[in-house]
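Novice: Need a 3D model of the following:
(one chain, ligands or ions: 1)
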Amino acid sequence: MAKKLWIDEDECIGCESCVEVCPEAFVFDDDAAKAYVKDGATGEEDCAEEAVASCPAECIYLE
Ligand code: SF4
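Specialist: Model (predicted):
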């Protein structure tokens with residue numbers, strides 16, 4: 001079963017790191033200044049773990 005990938009958006013500081021590291025799974029909303037998991041993206045993307053590690057707010061979860 002695919003791992004679930006999600007962001008605690010309340011904690012996101014809008015640094016765009018996850019989007020740079022893993023554009024396959026994340027998209028940035030300029031208006032909200034927050035990142036979101038793309039529709040249908042799962043933790044299966046190789047870069048998902050890298051994105052988790054890159055998040056300074058530690059608000060990306062892969063479980
Ligand atoms: S890396 Fe973390 S803090 Fe930065 S935009 Fe992505 S979710 Fe937000």
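
Novice: Does Leu5 touch Gly40 like I think?
Specialist: No. Look at Leu5 against Gly40 with Cβ atoms under 8 Å: they stay out of range, at 10.5 Å. (C-beta placed from N, C-alpha, C; glycine too.)

Novice: who has more neighbours, the two?
Specialist: Leu5 (23 against 6; other Cβ atoms under 10 Å).

Novice: Check which helix or strand the residue nearest to the more buried one when sequence neighbours are not counted maps to.
Specialist: The shortest distance from Leu5 to any non-neighbouring residue, by Cβ to Cβ, 6 or more residues apart in numbering, is to Gly43 (4.4 Å). Gly43 belongs to no helix or strand when assigned by DSSP states H and E.

Novice: The nearest residue to Cys15 once chain neighbours are set aside and Glu45, how far apart?
Specialist: For Cys15, ignoring the flanking residues on the chain, the nearest one in space by Cβ to Cβ, 6+ apart is Pro56 at 5.9 Å. Going from Pro56 to Glu45 by Cβ to Cβ, to the nearest Å gives 20 Å.

Novice: now Trp6
Specialist: The gap separating Trp6 from Glu45 is 14 Å, by Cβ to Cβ.

Novice: My read is that the residue nearest to Leu5 contacts Cys22, right?
Specialist: No. The pair Gly43 / Cys22 is not scored as a contact, 10.6 Å apart, by Cβ under 8 Å.

Novice: interface residues of the chain facing the ligand?
Specialist: Proximity of the chain to the ligand (Cβ under 6 Å from any ligand atom) is limited to residues 7, 12-18, 35, 54-57, 59-60.

Novice: Please consider this matter closed, and thank you.
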